[in-house]
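**Student:** Here's a sequence, model it:
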Amino acid sequence: MNINDLIIFIEVYQKESINQAAKALGYAQSNISQRIKALETLYDATFFIRYHHGISSTGQGDLFYQYAQKIVKETKDIQQKLTSKKKTVLCSELLFNVLYEQRVLEDIQATDFIIASSSTINKKLTEDVYDQIISFNQMEKPEY
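**Tutor:** Below is the predicted model of the structure:
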């Protein structure tokens, strides 16, 4: 199973039709059917009841739909975070407040600010990597 299988499942579930899902996603109907069957086999479940005019979901299908939505959403969220072009700045809380009030901070929309107390700045350096540090403290890591 991969994320694309979950996207296919969600489309089939929402359209209540393998044919309409195939058209919407640009796949052959047989490919969609195979992917749904593979998921059902993997989970030893029946997600849909098939009819000539479409499909309807089962209780297992409803449960799997909720799961699939969560996984697809979380996958998109992490992809966005990992590919974000925003600069990450670790900043002392006191300094951030002063700089913000004085409108000194540049391009605030394109920056992810991590605000920490001055006493925890050095600890934060061990938890993540930052593009810039704004602090009263002397940094323990020479690269900053």
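**Student:** After the helix or strand bottoming out on mean pLDDT in the chain, which helix or strand is next?
**Tutor:** Lowest on mean pLDDT, DSSP states H and E among the helices and strands of the chain sits helix 121-125, with a mean of 78. Next helix or strand after helix 121-125 toward the C-terminus (DSSP states H and E): strand 132-134.
**Student:** Any regions of this structure where pLDDT drops low?
**Tutor:** Applying pLDDT under 70 to the chain flags the ranges 84, 107, 140-144.
**Student:** Could you pull out the helices in it for me?
**Tutor:** 3-15, 18-25, 29-42, 59-83, 93-101, 121-125 (DSSP state H).
**Student:** Mean neighbour count and distance to residue 132 for those helices - can I get that in JSON lines?
**Tutor:** Just so you know, the C-beta spots here come from the backbone N, C-alpha and C atoms, and that holds for glycine as well. As requested, these are exported to JSON lines (neighbours: other CB atoms under 10 Å; distance: least, CB to CB, whole Å):
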{"stretch": "helix 3-15", "mean neighbour count": "19", "distance to residue 132": "33"}
{"stretch": "helix 18-25", "mean neighbour count": "18", "distance to residue 132": "42"}
{"stretch": "helix 29-42", "mean neighbour count": "16", "distance to residue 132": "45"}
{"stretch": "helix 59-83", "mean neighbour count": "13", "distance to residue 132": "18"}
{"stretch": "helix 93-101", "mean neighbour count": "13", "distance to residue 132": "12"}
{"stretch": "helix 121-125", "mean neighbour count": "17", "distance to residue 132": "12"}
